[in-house]
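Novice: Turn this into a structure:
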Amino acid sequence: MPFDLVMDIENTPGALAKVAAAISDAGVNIAAATCIGTGERAELHILVPHPEAAKHALGIAHVAVSREREVVAIDVEDNPGVLADLARRIARGGVDLDLVYVATRNRVVFGGPDLSGLKAALGVT
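Specialist: This next block holds a predicted model:
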């Protein structure tokens, strides 16, 4: 399963490059990234298959991971309505979401407090 790593970074030129270089230099692929923040700080989420190697590389680069968790990544076709259909399945399962973003290779990433319920709603083992 993939992991979502969250970092609170300075919102300055080169901050993303520092994180991406540290992780890629460790040989870890970043499967997705999203950054939110308009002030001096930003919250950067990255999706990685191997969190320990990524966290180690980030530590060497003096970038702290503030949160990490396992998430569910679903392979999808890039068509209208796919996200709506998945969201309906999750809702029918009674599962709350607190994270969603799109990753490489046509995948949608979901996170929530009930990971096992989320997996069951999406039919993931």
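Novice: and stretch 77-97, which residues are buried?
Specialist: Leu86, Ile90, Val95 (16 or more other C-beta atoms under 10 Å). Any C-beta I mention is one placed from the backbone N, CA and C, and that applies to glycine too.
Novice: In terms of pLDDT, where does Gly37 sit?
Specialist: pLDDT recorded at Gly37 is 89.
Novice: Touching, it and Ala15? I think so.
Specialist: No: using C-beta atoms under 8 Å, Gly37 is not in contact with Ala15; the gap is 10.1 Å.
Novice: what's the closest non-adjacent residue to Lys18?
Specialist: Leaving aside its sequence neighbours, Lys18 sits nearest to Ala61 (C-beta to C-beta, 6 or more residues apart in numbering; 6.1 Å).
Novice: hang on, the earlier thing: with distance to Ile30 and secondary structure added, can I get the buried residues of stretch 77-97 in CSV?
Specialist: Output for the buried residues of stretch 77-97, formatted as CSV (distance: C-beta to C-beta, whole Å; DSSP: H, G, I helix; E, B strand; the rest coil):
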residue, distance to Ile30, secondary structure
Leu86, 23, helix
Ile90, 25, helix
Val95, 26, coil
